[in-house]
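K.L.:
pasting the sequence and the predicted coordinates here, then a few questions.
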Amino acid sequence: MFYYILVAFQAFCIFHVYKSRNESYWYFVIFLVPLIGSLIYLFSQIINKKNIKNTKNKLTEVVNPAKKIKELEQKLSLSDTFQNKIHLADEYKNQKDYNNAILYYERALDGKFKNNPHTINKVLKCYFKTKNYGKVVEYGKKIPLDTSFKGSICMYAVALENCNYFEEAELQFRKPNIRYSNYAERLQLSEFLVRIDKQQEAKVVLEEIVGEIDNMIEINQKKHRIVYLESRKILKRI
């Protein structure tokens, strides 16, 4: 069995040498010392080359994050397209420069793409990070959060609350309140209910969360441990 595996491994390496047009001496290395030669080829020519390239790119981004921004700015200056604006805005967002991200997302929304829902959702999230809740509300009204962007519902709800639209905020907070799911969102609902003096309703939500997690298998209990501990903490307080 080992012999057949070795032959198959050797054949794979030889085929890779041919396909990649690597130096011909690799044929001799793989033929003369089949196992060791094939392993050397695998790690030096197949695995390492890909890893080195990816690692180099990632290191460049970490050490010099401005490099990628400059490249994307240059690309945008050469071709002022919707997608190039989005790529630049996305990179600013990745680097937590939300104000510049907003600038380019909004430029991308200018013109025929003004109603693009995915871009609107991205700029909504950036405004939430900068605590510009009025803009979050403005953009949140433009897209179907219920069906396509459920992850943004609580951001929208928090923004509504901060703008004193308490009834609408409660409506939005309650939308993810579904048994055996959305634990982080349901915890946010309970915290909101406490803030508006609906402690008894908050208690019901929290007890449901705790009870559901208590009945989970251990691996799922660990997954929701933070929500579980916070839920118990709030229950003791109300």
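P.N.:
Cool, got the structure.
K.L.:
taking the mean pLDDT, what do you get for stretch 74-87?
P.N.:
The pLDDT scores in stretch 74-87 average 96.
K.L.:
how about residues contacting that stretch?
P.N.:
The contact list for stretch 74-87, computed with C-beta atoms under 8 Å, 6 or more residues apart in numbering, reads 72, 88, 104-105, 107-108, 113, 116, 119. For every residue, glycine as well, the C-beta is placed using N, CA and C.
K.L.:
filter those residues down to the buried ones, ChimeraX style.
P.N.:
In ChimeraX, a selection of the buried entries from the contacts of stretch 74-87 looks like this (16 or more other C-beta atoms under 10 Å):
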select :72,88,104,105,107,108,116,119
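K.L.:
any chance of the contacts of stretch 74-87 in CSV, with distance to Ala11 too?
P.N.:
Putting the contacts of stretch 74-87 into CSV (distance: C-beta to C-beta, whole Å) gives the following:
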residue, distance to Ala11
Leu72, 43
Leu88, 46
Tyr104, 50
Tyr105, 51
Arg107, 54
Ala108, 50
Phe113, 51
Asn116, 50
Thr119, 49
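K.L.:
spatially, which two of the contacts of stretch 74-87 are the most separated?
P.N.:
Using C-beta to C-beta, the two most remote members of the contacts of stretch 74-87 are Leu72 and Asn116, lying 18.9 Å apart.
K.L.:
so Asn121 sits against Ile153, correct?
P.N.:
No - Asn121 is beyond contact range of Ile153, at 11.0 Å (criterion: C-beta atoms under 8 Å).
K.L.:
give me the helices and strands touching the helix or strand containing Asn100, please.
P.N.:
Assigned by DSSP states H and E, Asn100 belongs to helix 98-108. For helix 98-108, the contact count by 3 or more C-beta pairs under 8 Å, 6 or more residues apart in numbering; DSSP states H and E identifies helix 82-94, helix 117-129 as packing neighbours.
K.L.:
got the buried residues for the first one?
P.N.:
It stands for helix 82-94. Buried residues in helix 82-94, counted by 16+ other C-beta under 10 Å: 82, 84-89, 91-93.
K.L.:
for the strand or helix carrying Ala8, what is the average pLDDT?
P.N.:
For Ala8, the host element (DSSP H and E) is helix 2-20. Across helix 2-20, the average pLDDT comes to 69.
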